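[1] Here you go, sequence then predicted model.
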Amino acid sequence: MPGKMKFEHDTENDIIIALPDWCVVDEADCKVWYKEWEDYMKPFGRKMDCIMILDGFKVDSGIAAEWGEYRAKVNKEYIRFGYRVHPDTTTNIYIKTSGVKYNAATNMAPSIKDAVAAIKDARELRGL
């Protein structure tokens, strides 16, 4: 049975907070996981800044390469500035591998507060 994504829009900072409760084990999971991102993000009509809280997220080693491709697609299509918080060691390796392979963001932050600050800094650097 696939996991579930919970999304919150921090309207004060205009940042999406994503809280996946998943253990991605096969391509069917990848497709459902991607579709949840697509369904939530597409209505904004623009790339959004996003913080992913990964305490409840895992990727099985047998699907890591395929998931990395879906992860990169989410990043490229829907996320402008993104930060990941609390990935486990293995998931962090998969994120970084996907980032290198598909030129997708891999930014990490130790906390939500730090991620918000990093996004604000990135916006300022870009004049947004």
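    Received the coordinates, thanks. Numbers count the residues shown, from 1 in each chain.

[2] Could you list the low-pLDDT ranges of the protein?
    Within the chain, the ranges that satisfy pLDDT under 70 run 1.

[3] What segments of it are strands?
    4-10, 15-24, 48-53, 57-59, 79-85, 108-109 (DSSP state E).

[4] quick one: which of the ones you listed is nearest E36?
    Ranking those by proximity to E36 (Cβ to Cβ) places strand 4-10 first, at 4.2 Å. In short, each C-beta sits where N, CA and C put it, glycine included.

[5] ok so, going back, export the strands of the chain as CSV, with columns for mean neighbour count and distance to E36.
    Output for those, formatted as CSV (neighbours: other Cβ atoms under 10 Å; distance: least, Cβ to Cβ, whole Å):
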stretch, mean neighbour count, distance to E36
strand 4-10, 14, 4
strand 15-24, 19, 8
strand 48-53, 23, 12
strand 57-59, 22, 12
strand 79-85, 21, 14
strand 108-109, 18, 22
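
[6] Can you say which of those is nearest to G127?
    strand 79-85 (13.3 Å).

[7] how about V25, phi and psi?
    Main-chain torsions, V25, degrees, to the nearest 10: phi -120, psi -20.

[8] show me the contacts for it.
    By Cβ atoms under 8 Å, 6 or more residues apart in numbering, the residues touching V25 are 60, 62-63.

[9] about what we covered before: adding distance to W33, write the strands of the chain out as JSON lines.
    Output for the strands of the chain, formatted as JSON lines (distance: least, Cβ to Cβ, whole Å):
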{"stretch": "strand 4-10", "distance to W33": "7"}
{"stretch": "strand 15-24", "distance to W33": "6"}
{"stretch": "strand 48-53", "distance to W33": "12"}
{"stretch": "strand 57-59", "distance to W33": "9"}
{"stretch": "strand 79-85", "distance to W33": "14"}
{"stretch": "strand 108-109", "distance to W33": "20"}
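
[10] Helices of the protein, residue ranges please.
    Listed in chain order, the helices of the chain (DSSP state H) span 27-41, 64-78, 89-102, 112-125.

[11] which of those is buried the deepest?
    helix 64-78 (a mean of 19; mean count of other Cβ atoms under 10 Å).

[12] Give me the distance between that helix and the centre of its chain.
    The chain centre lies 9 Å from the centre of helix 64-78; the measure is Cα atoms, centre = their mean, to the nearest Å.
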